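> Mind looking at a prediction? Sequence and model below.
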Amino acid sequence: MKKVYINEPDFSIDSLISKIQEGAKRHRGISTTGTTRVNTLKPLAFRPEFQRNSDDCYQVNELLQFHDRAFLQNAYQAILKRAPDVSGFTAFIEKLRAGRLYKIDILARLRYSSEGRAKKVRVRGLLIPAVLSQLGHLPVFGYLVRFAVGLVRLPSMIGSQQQFQAVVMAQQQQIADYADRISVDLLNHVKEESEALAQLTLQWQRVTRLLEETRQYSPGLQRDLDAFYVSFQDQFRGNREEIKKRLSVYLPLIRGTTIGSASMPILDVGCGRGEWLELLQQEGLEASGVEANRLLVRLCTERRFKVIEDDLMHYLGGLPDASLGAVTGFHVIEHLPFGTLIRLLDEAVRVLKPHGMVIFETPNPQNILVGSCSFYLDPTHYHPLPSPLMRFLIESKGLSGVQIINLNPMDATRLSGDSDVVKLFNDYLHGPMDYAVLGWKP
């Protein structure tokens, strides 16, 4: 094969970064459009909304149209002008569901209590049904009262039952129509997202091939790639304060232990811009980092962090046994070939002191958008690492108390609704974007 020499390439890392940024903006626009259309689907409303009357006057049927918990909550709001207290609500709901009290009884007790009299709320049509209900609770005579009232109300009850059946059938049809609309909208949403992800994946495959080809012919490209990756992190990883906020969830795991003391120092492999080192420094803990990107090392040293410019495996291999209190790595292990990952875990266990710990954070491929697209935005990633695999690897190295912590869910784009379809959709497309695996050396 004839060698190709590139003396004056017609592209640069800066132009690649510009194209990447433009592609990301287009992807955000596509995704936002699809999500907004689905979220505009109005929720079903099966019961009327309660509105307090400004004149503090109600017809009794305005309150009787509600049922169970909604009835009690609205009765308290209307008559006592407050939310129900826990003890009163619990007692009423139990008696209402057991049939020991009717809704009329509860309205009467609220209205004619000392608090209800003080509020002076009028409930028209309450007095006579309340008196009859109380008489109906009397021995013997109460049975006759209930029988007479039942005869009088029988035609009305039959009509109400027929009306109830019609309402139920109408609601069932409404649910079926709503489910059909959700299914259509979700399918359209998935189709749009899939098309957008496929476009971005194809673009990044082209970028990756381009970088691999140019690496062979440009002796100074590695320095350009250092600059490329710094810009890439600024664009896609997030700003410094955002990353520090995310990483702060790990501080409680270290507080109250000897990890981070002079005898149990912390090493952050692939420390990047040093956000974790900054948090540890603010906590007064002993910590250092190792990083291969010379520009990131320069950024860290300018902030007075202890960072060594070296390959992480080479550096770990030179450390003595049982010399560290913790080995941490955030979005590092997915950059390693599988064989190197195994060696990293072996070295981490070797250099840990007893009761030391490891923390490794990585993208969560259980989130379909992460596993099928955003993971591959970084051309230096190898393969997604499912959390069960990492748990198995950590446990196989003899570490104990292994935990998986799911992180950074996409709450802002979750779909509204309580159906099983919506819940499943949210779990797989808007669930945690990252996870961390933790383990302790016995």
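Received it, and whenever you're ready, just let me know what you need. Numbers count the residues shown, from 1 in each chain.

> Give the residue spans of the stretch 201-350 of the chain that score low on pLDDT.
Applying pLDDT under 70 to the stretch 201-350 of the chain picks out residues 208-224.

> Nearest spatial neighbour of K120, chain-adjacent residues omitted?
Residue nearest to K120 in three dimensions, not counting chain neighbours: D56, with 6.9 Å by Cβ to Cβ, 6 or more residues apart in numbering. Using the backbone N, CA and C atoms, a C-beta is placed for each residue, glycine as well.

> Was I right to think that neighbour contacts V121?
Yes: assessed by Cβ atoms under 8 Å, D56 is found in contact with V121 at 4.7 Å.

> Between these two, which is the more surrounded one?
Shown here are D56 and V121; by other Cβ atoms under 10 Å, V121 has more neighbours (19 against 14).

> residues near the residue nearest to G238 when sequence neighbours are not counted, how many?
Leaving aside its sequence neighbours, G238 sits nearest to R246 (Cβ to Cβ, 6+ apart; 7.7 Å). Other residues near R246 come to 17 when the count uses other Cβ under 10 Å.

> show me what contacts R246?
Counting by Cβ atoms under 8 Å, 6 or more residues apart in numbering, R246 touches G238, L407, N408.

> Among the residues you listed, which one sits closest to L319?
Using Cβ to Cβ, L407 comes nearest to L319 of the contacts of R246, at 28.3 Å.

> pretty sure that closest one is touching Y435, no?
Yes: with contact defined as Cβ under 8 Å, L407 counts as touching Y435 (6.0 Å).

> Give me the common contacts of those two.
With Cβ under 8 Å, 6+ apart as the test, L407 and Y435 both reach E361, N364.

> Give me the more crowded residue out of the two.
Taking neighbours as other Cβ under 10 Å, L407 and Y435 compare with Y435 leading, 23 against 15.

> Name the SS class of that one, please.
State at Y435, reduced to three classes by DSSP: H, G, I helix; E, B strand; the rest coil: strand.

> got it, and M390?
Per three-state DSSP, M390 ends up helix.

> One more: V402?
What three-state DSSP gives for V402 is strand.

> who touches it in this structure?
Taking Cβ under 8 Å, 6+ apart, we find V402 in contact with R391, I394, E395, V437, L438, G439.

> For it, report the pLDDT, please.
Residue-level confidence at V402 comes out at 97, pLDDT.

> what do you get for P363?
The per-residue pLDDT reported for P363 equals 96.

> same thing with L389?
97.

> so who does it touch?
Counted by Cβ under 8 Å, 6+ apart, L389 has zero contacts.

> Kindly report the same for the one 4 residues further on.
If a contact means Cβ under 8 Å, 6+ apart, then L393 has L341, I342, L345 as its contacts.

> any idea how far the residue nearest to A179 when sequence neighbours are not counted lies from Y178?
Closest residue to A179 apart from its sequence neighbours, by Cβ to Cβ, 6+ apart: S419 at 7.2 Å. Using Cβ to Cβ, to the nearest Å, S419 is found at 9 Å from Y178.

> hang on, L200 packs against L377?
Yes: if you go by Cβ under 8 Å, L200 and L377 touch, sitting 7.4 Å apart.

> residues making contact with the helix or strand encompassing L277?
Using DSSP states H and E, L277 sits in helix 275-282. Residues outside helix 275-282 that contact it (Cβ under 8 Å, 6+ apart): 240, 243-244, 247-248, 250-251, 260, 266, 268, 271, 287-289, 300, 303, 305-307, 328, 330.

> Show me what the helix or strand that that helix is followed by is packed up against.
On the C-terminal side of helix 275-282, the closest following helix or strand by DSSP H and E is strand 287-291. For strand 287-291, the elements it packs on are strand 266-269, helix 275-282, helix 294-302, strand 307-309, helix 312-317, judged by 3 or more Cβ pairs under 8 Å, 6 or more residues apart in numbering; DSSP states H and E.

> mind running it again at 7 Å?
Helices and strands touching strand 287-291, by 3 or more Cβ pairs under 7 Å, 6 or more residues apart in numbering; DSSP states H and E, are strand 266-269, helix 275-282, helix 294-302, strand 307-309.

> Now render those as a markdown table, adding distance to L63 and mean neighbour count.
Listed next are the helices and strands packed on strand 287-291 as a markdown table, based on distance: least, Cβ to Cβ, whole Å; neighbours: other Cβ atoms under 10 Å:
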| stretch | distance to L63 | mean neighbour count |
| --- | --- | --- |
| strand 266-269 | 62 | 25 |
| helix 275-282 | 55 | 21 |
| helix 294-302 | 66 | 17 |
| strand 307-309 | 69 | 18 |
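
> Ok, which of these comes nearest E361?
Using Cβ to Cβ, the helices and strands packed on strand 287-291 put helix 275-282 closest to E361, at 9.6 Å.
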